[in-house]
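Colleague: Fold the following, please.
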Amino acid sequence: HRHIFTLCDVMPPSCIQMRNLILSAFPRNMRLPDPFTPNLKVDLLPEISEPPQVSADYSAQLGPVKDDLDRLLTPAVSTPRPGGGGGPPP
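Modeller: Reported below is the predicted structural model:
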């Protein structure tokens, strides 16, 4: 299940049924909850606390764009101005 996204990325867009089959697959020893159970609380299932395991390195696929994205998404640090204050000019 670690390679699901990588496999779907290389699959042609015309293979919709194959993509759905891969995305709906789950291990044999896993028992899925019945979605028709009345008052099913998905957020209370123990599996919801486990983070997904993804083996693809998506940051490497971004290439040179990654630095630009990091700069845009990192909060700007306020630089103190001469005379005090780090806010916008008056």
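Colleague: count of residues packed around residue 11?
Modeller: For residue 11, the neighbour count with other Cβ atoms under 10 Å is 13. In short, each C-beta sits where N, CA and C put it, glycine included.
Colleague: Secondary structure class of residue 35, three-state.
Modeller: Look at residue 35: counting by DSSP: H, G, I helix; E, B strand; the rest coil, its state is coil.
Colleague: continuing past the helix or strand of the chain with the lowest mean pLDDT, what's the next helix or strand?
Modeller: Of all helical and strand segments in the chain, the minimum by mean pLDDT, DSSP states H and E falls on helix 58-62, at a mean of 69. Proceeding C-terminally, helix 58-62 gives way to helix 65-73 as the next helix or strand, assigned by DSSP states H and E.
Colleague: Tally up the residues packed near residue 15, please.
Modeller: Other residues within reach of residue 15 by the criterion other Cβ under 10 Å amount to 12.
Colleague: give me the element residue 23 is part of.
Modeller: helix 16-24.
Colleague: Tell me the buried residues in that helix?
Modeller: Along helix 16-24, the positions that meet the burial threshold by neighbour count (16 or more other Cβ atoms under 10 Å) are 19, 22.
Colleague: repeat for stretch 32-40
Modeller: Neighbour counts over stretch 32-40 (16+ other Cβ under 10 Å) mark no residue as buried.
Colleague: Check the average confidence over it, would you?
Modeller: Average pLDDT, stretch 32-40: 86.
Colleague: Now the terminal residues of it, how far apart.
Modeller: Its first and final residues considered, stretch 32-40 spans 12 Å by Cα to Cα, to the nearest Å.
Colleague: who's in contact with that stretch?
Modeller: Contact partners of stretch 32-40, identified using Cβ atoms under 8 Å, 6 or more residues apart in numbering, comprise 26, 42, 45.
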